[in-house]
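Q: only geometry, no sequence info:
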Ligand SMILES: *[C@@H]1O[C@H](CO)[C@@H](O)[C@H](O)[C@H]1NC(C)=O
Ligand SMILES: *[C@@H]1O[C@H](CO)[C@@H](O)[C@H](O)[C@H]1NC(C)=O
């Protein structure tokens, strides 16, 4: 449909809130590959954020005189404009390996964990992180680890010093780059099929795990505590929030009073159903011991492929209309923030297009979105469909297409160069 016809239909059908063919405030209105509405409702102007993304922001088109007639309908946003639009605080990559051997039913085998460090015959995760920081401008790494590895397969058992020391080698490699480092327990809310607090490990056992980790890192401000990777099919979301609360209380009481803690919802931490599936409401009850919510950040994931699984190399959506926009509205209205700790796609033109759009949208809403972390580098071989592992040749590292074009802050995907 042509732009002209769309504008005409807008004139014919009146109300600014429901004008067909005009994009509403804060929605996308342009960018490479964009086929939707390219004009904004009255009171908003289509603003180029970068090549991949234009957004309707409050204002009047420049070079256009303000109509002297009073508009019949005033668009009054229910939420305030992004305060710090344009720059995400965190941009990172997952450095996988310690989570290898973990299945989505929460069964992990300690011996299958494969540290992404040359010292342990893995990939050079330390070198990768240095490259990502020095050459690409990344400042965050998420370091997935299986619960079973940390306690050496003993359910309910304490963290084993030698195993934590091995994991700490990766954490220290991350910290030494100057980046933020997310500790991610990669267990899908489970231990061997049993859901934490709901038939599986007790909240106390889970809290003890986090107390040990938080005690170790309480003095390190650049550590973030990722309470749990991708809970799914958790029958009682209110009860899950109680388990998350137990972890938060344990972390804070261990002395890690100021670091960010990432709170995971149900349905694989889907950004799209975070509100509708009840996770937002349930996790909103989680508080610091002092009753505040300072530093408690919602953790959400989103892939861009046809079945939202993050296993296909072609991308079909930028997730803005179905996930990022409605979630941004919710977060702004409720005074909360989220971080996207897993996203990614294949090294294909479609994923470059859509992921760049997603990141540009997140950056344009950086008052509520703190950042993103791509999945994944570390011990993934370069043949892995969603691989972000750079190839090393001597002292030169070469990035994958998606890292080069979208994920790396130096790509300009956030600020339009
Ligand atoms: C949320 O998703 C779970 C499955 O993961 C489902 O059992 C539950 O009914 C959903 N809850 C809501 C409120 O949609
Ligand atoms: C889980 O999320 C996906 C999209 O991310 C959605 O298609 C599915 O319906 C959701 N399931 C539930 C139970 O909410």
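A: Perfect, thanks for sending it. The structure presented is a predicted model; accordingly, all values stated were derived computationally and were not measured. Residues are numbered from 1 along each chain as shown. Ligands and ions are numbered 1, 2, ... in the order given.
Q: Hmm, residue 147 is touching residue 208, no?
A: No: assessed by Cβ atoms under 8 Å, residue 147 is found out of contact with residue 208, at 11.4 Å. Yep, even glycine has a C-beta here, placed from its N, CA and C like the rest.
Q: Could you pull out the helices in the stretch 301-417 of the chain for me?
A: Assigned by DSSP state H, counting those that start in this stretch, the helices in the stretch 301-417 of the chain fall at 325-334, 349-364, 401-402.
Q: Can you tell me which residue of the stretch 51-200 of the chain sits closest to ligand 1?
A: For the stretch 51-200 of the chain, the residue closest to ligand 1 is residue 189, as judged by Cβ to the nearest ligand atom, at 10.5 Å.
Q: again but with the stretch 101-250 of the chain, I slipped
A: Across the stretch 101-250 of the chain, no residue is closer to ligand 1 than residue 233, which sits at 4.6 Å (Cβ to the nearest ligand atom).
Q: Could you confirm that residue falls within a strand?
A: No: applying DSSP: H, G, I helix; E, B strand; the rest coil, one finds residue 233 to be coil, outside a strand.
Q: what sits against it?
A: Neighbouring residues of residue 233 by Cβ atoms under 8 Å, 6 or more residues apart in numbering: residue 266.
Q: Could you report the pLDDT at it?
A: Looking at residue 233, its pLDDT stands at 98.
Q: so what's the backbone phi/psi at it?
A: phi 50, psi 40 (degrees, to the nearest 10).
Q: Neighbour count: residue 147 and residue 208, which is higher?
A: It is residue 147, of residue 147 and residue 208, that has more neighbours when counted by other Cβ atoms under 10 Å, with 26 against 20.
Q: quick one, phi psi at that one?
A: phi -60, psi -40.
Q: For the spatially most central residue of the chain, list each beta-bridge partner.
A: The centroid of the chain falls nearest to residue 340 when counting by Cα atoms, centre = their mean (0.7 Å). Using DSSP bridges, the bridge partners assigned to residue 340 are residue 300, residue 372.
Q: how close does it get to residue 368?
A: 11 Å (Cβ to Cβ, to the nearest Å).
Q: Next to ligand 1, which bits of this protein? Give me the list.
A: 232, 233, 266, 267, 277, 278 (Cβ under 6 Å from any ligand atom).
Q: Looking at those, state which has the most neighbours.
A: residue 266 (23 neighbours).
Q: now the strands for the stretch 251-400 of the chain?
A: Listed in chain order, the strands of the stretch 251-400 of the chain (DSSP state E, counting those that start in this stretch) span 261-264, 296-301, 338-343, 369-378, 391-393, 396-398.
Q: export the ones you listed to CSV and tack on mean pLDDT?
A: Below are those laid out as CSV (pLDDT from 0 to 100):
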stretch, mean pLDDT
strand 261-264, 98
strand 296-301, 98
strand 338-343, 98
strand 369-378, 98
strand 391-393, 94
strand 396-398, 96
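Q: any idea how far the residue of the stretch 101-250 of the chain closest to ligand 1 is from residue 184?
A: Counting by Cβ to Cβ, the gap from residue 233 to residue 184 is 19 Å.
Q: Please apply the same query to residue 45.
A: Counting by Cβ to Cβ, the gap from residue 45 to residue 184 is 40 Å.
Q: between those two, which one's more packed in?
A: residue 184 (27 against 17).
Q: who does the nearest residue to that one once chain neighbours are set aside bridge with?
A: Closest residue to residue 184 in three dimensions, ignoring its sequence neighbours and counting by Cβ to Cβ, 6 or more residues apart in numbering: residue 226, at 3.9 Å. Beta bridges link residue 226 to residue 184, residue 262 when assigned by DSSP bridges.
Q: what's around residue 226, how many residues?
A: Residue 226 sits with 24 neighbouring residues when counted by other Cβ under 10 Å.
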